[in-house]
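> Pasting the sequence and the predicted model now:
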Amino acid sequence: MVKIVLDTNVIVSALHFGGNPDKILNLANKGVIELIISPFILGEVADVLQRRFNWSEKEIANALAAIKEIATLIQPVHKLSVIKEKDSDNRILECAVSGKADFIVSGDAKHILPLKEYLGIKILKPTEFLAIKF
């Protein structure tokens with residue numbers, strides 16, 4: 001089964017706006033792909049939903065619980081410092097490396113997408129990932 005890590009921005013987009021990011025979450029929900037997640041990513045999702053979109057604590061708790069139901073939660077063991085401009089983006093890479101992901105799906109055109117690949121892990125936009133046939 002294909003293993004993926006979703007960047008925080010993709011998860012937030014899925015939860016708040018729907019669209020292609022939500023289609024990817026649905027693939028995980030159906031068991032077509034394995035979603036790998038870390039405590040850091042969950043914390044960042046909660047922070048963005050509260051700070052930028054005014055979600056209540058209950059809404060955030062429900063959303064995170066739903067994600068935990070369909071994802072494999074891992075605690076990354078590798079500390080990386082690949083992206084110098086924004087250290088928090090390294091947590092996405094750490095999750096992918098520790099979870100042995102095949103793909104990182106991101107909307108971060110500044111730091112993550114330009115890598116295109118890291119240690120054999122392909123880095124794609126949501127639309128590019130959805131173009132792959134499973």
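Received the coordinates, thanks.
> Tell me which stretches of this protein form strands.
For the chain, the strands defined by DSSP state E cover 2-6, 33-37, 71-73, 103-105, 117-118, 121-124.
> Pairing partners for the third one, with directions?
Each strand paired with strand 71-73, and its direction, by DSSP bridges: strand 33-37 (parallel).
> which residues touch the strand it pairs with?
Contact partners of strand 33-37, identified using C-beta atoms under 8 Å, 6 or more residues apart in numbering, comprise 1-6, 24-25, 27-28, 67-68, 70-74, 95-96, 99, 101, 134. For every residue, glycine as well, the C-beta is placed using N, CA and C.
> if you set the cut-off to 6 Å instead, what comes out?
Applying C-beta atoms under 6 Å, 6 or more residues apart in numbering, the set of residues contacting strand 33-37 from outside is 1-5, 27-28, 71-74, 99, 101.
> Now render those residues as TSV, adding neighbour count.
Below are the contacts of strand 33-37 laid out as TSV (neighbours: other C-beta atoms under 10 Å):
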residue	neighbour count
1	9
2	13
3	16
4	26
5	29
27	18
28	21
71	24
72	13
73	15
74	18
99	23
101	26
